[in-house]
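> Provided below for reference: sequence and predicted model.
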Amino acid sequence: MNSYDAAQLNRVPDGFSNNLIWNLGHILAVQQLLVYGLSGQPLHIPQKFVVRYQRDTRPEGPVDEAEISEIREWLERTVPLLDKDLEANRFGTFRPFTNSAGFPVTNLQEAITFNNFHEGLHLGYMLSIRKFL
């Protein structure tokens, strides 16, 4: 993320439906929804990120420098926050769901595992996108 300017982060290469910054915002929003949302906990990130980057969204236009910085900051903060919340045993109930691949996610640990898989998929997309920048 730090290796690219705003124009590069916002560029949607031919053949792709999104860009680097959308992918980064998306993994941020999905991690929060999977782990916190399905556990009935408040999300750490602002709601605007959920609306803009949740599943079935696409880039709506250029993301400005301020939002790029905000995404960067939240990406740096959310893993330590999750570690802290896990240590504090903050999570209780979990609302099971079936993920987009058709596999049931029935508890918090499965949600974290699926989130890691999901982030890996988007890392692959980002590695492909950057070849065209």
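Cool, the structure landed.

> contacting residues around the residue nearest the centre of the chain?
In the chain, the centroid-proximal residue (CA atoms, centre = their mean) is Ile27; its distance is 1.5 Å. For Ile27, the contacting residues are Leu75, His118, Glu119, His122, by CB atoms under 8 Å, 6 or more residues apart in numbering. To be clear about C-beta, it is placed using only N, CA and C from the backbone, and glycine gets the same treatment.

> And for the third one, the neighbour number?
A count of nearby residues for Glu119, using other CB atoms under 10 Å, gives 16.

> quick one: pLDDT of it?
pLDDT recorded at Glu119 is 97.

> Next, the contact list for it, please.
Contact analysis of Glu119 by CB under 8 Å, 6+ apart lists Ile27, Gln31.

> ok, it to Trp22 distance?
Distance from Glu119 to Trp22, counting by CB to CB, to the nearest Å: 14 Å.

> Provide the backbone phi and psi angles at the residue nearest to the centre of the chain.
Backbone torsions for Ile27, taken as degrees, to the nearest 10, come to phi -70, psi -30.

> Need the pLDDT of it.
Per-residue confidence (pLDDT) for Ile27: 98.

> can you check Ile71 too?
98.

> Please compute how far the helix or strand hosting it lies from its chain's middle.
Per DSSP states H and E: Ile71 is located in helix 65-87. Centroid separation between helix 65-87 and its chain, computed with CA atoms, centre = their mean, to the nearest Å, is 10 Å.

> Tell me which other helices or strands that helix touches.
helix 6-10, helix 20-31 (3 or more CB pairs under 8 Å, 6 or more residues apart in numbering; DSSP states H and E).

> Can you give the contact residues for the shortest one?
The reference is to helix 6-10. Met1, Asn19, Leu20, Ile21, Leu24, Pro59, Pro62, Val63, Asp64, Glu65, Ile68, Leu133.

> The last one and Tyr4 touch, don't they?
Yes. Assessed by CB atoms under 8 Å, Leu133 is found in contact with Tyr4 at 6.6 Å.

> Name the residues contacting each of the two.
When contacts are counted by CB under 8 Å, 6+ apart, Leu133 and Tyr4 are jointly contacted by Leu20.
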